[in-house]
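**Student:** Give me a 3D structure for the following:
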Amino acid sequence: MKFPLSAVVACIAATVVAGPAFALDFPSRKPGLWEIQTQTGEAAGGKGAAAGTGGAHTMQQCIDASTDKALRDMGQSMGKDLCSKQELRTDGGKLVMDSVCKIGNTVATSHAVISGDFSSAYRMESKSTYDPPLMGRAEGTSAMEARWIGPCKADQKPGDMVMPNGMKMNVLDMMKNRPKRP
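**Tutor:** From the prediction side, this is the model:
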């Protein structure tokens, strides 16, 4: 099954911002329901995007303190496995993240700036280059805006994510069911 690059970036961005602790403690998000809108390519204001490329996706994520920590731990673990460089620092009240990660045969070099308070809203803008090109693209941009919209809905439990197509999955259940590495 093929996924559009914008969908791949949306999922990676959601995990990355929820995820890596790096050397600096990444802020915890307020428990409840978060709406996360990810825009890639032209939709994110990328100059390197070809005409008509990019897209926007909105998903919702229900978290509590333990789910948020599990997602950060998962992001940190993914980073250790995939990234030769991971740096997170503060600069003028913003978090700046630089990474070099392997995605299949491609090396992705990314720079992201994250702002916000993580209790009501945060925003991440990132630029990446891909060598060799990933899914036909040598570079990409993305912007992610997340906002807390209230308590989780009655039919949701921590870890539930509602994807742009309406499909609901639980990240914690997926983590429990993934195969163990040798």
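**Student:** what packs against the longest helix seen in the chain?
**Tutor:** Assignment by DSSP state H gives helix 65-82 as the longest helix of the chain. Packing partners of helix 65-82 (3 or more C-beta pairs under 8 Å, 6 or more residues apart in numbering; DSSP states H and E): helix 5-18, strand 94-103, helix 171-177. The C-beta positions use only the backbone N, C-alpha and C, and glycine is treated the same way.
**Student:** residue contacts, A108?
**Tutor:** S99, V100, C101, K102, S128, T129, Y130, L134 (C-beta atoms under 8 Å, 6 or more residues apart in numbering).
**Student:** out of the residues you listed, which are buried?
**Tutor:** S99, C101, S128, T129, Y130, L134 (16 or more other C-beta atoms under 10 Å).
**Student:** and which of these is nearest to M144?
**Tutor:** Proximity of those to M144 (C-beta to C-beta) peaks at S128, which lies at 13.0 Å.
**Student:** any idea how far the closest one lies from T106?
**Tutor:** The gap separating S128 from T106 is 10 Å, by C-beta to C-beta, to the nearest Å.
**Student:** helix or strand for Q39, which one?
**Tutor:** strand 32-41 (DSSP states H and E).
**Student:** so A70 touches M175, yeah?
**Tutor:** Yes. A70 is in contact with M175 according to C-beta atoms under 8 Å; the separation is 6.7 Å.
**Student:** quick one, which of these two is more surrounded?
**Tutor:** Using other C-beta atoms under 10 Å, the more surrounded residue of A70 and M175 is A70, with 19 against 14.
**Student:** Nearest residue to that one in space, please, no chain neighbours.
**Tutor:** In space, and not counting its chain neighbours, A70 is closest to L172: 6.2 Å by C-beta to C-beta, 6 or more residues apart in numbering.
**Student:** give me the number of residues near the one you found?
**Tutor:** 18.
**Student:** What of D91?
**Tutor:** Using other C-beta under 10 Å, D91 is surrounded by 8 other residues.
**Student:** From here on, call the first residue 460.
**Tutor:** OK, 460 is where the count begins now, so the last one is D550.
**Student:** Can you name the residues bridging to it?
**Tutor:** Beta bridges link D550 to K553 when assigned by DSSP bridges.
**Student:** and if you look at C521?
**Tutor:** Beta-bridge partners of C521, as defined by DSSP bridges: L492.
**Student:** Distance of it relative to E494?
**Tutor:** In terms of C-beta to C-beta, C521 sits 11 Å off from E494.
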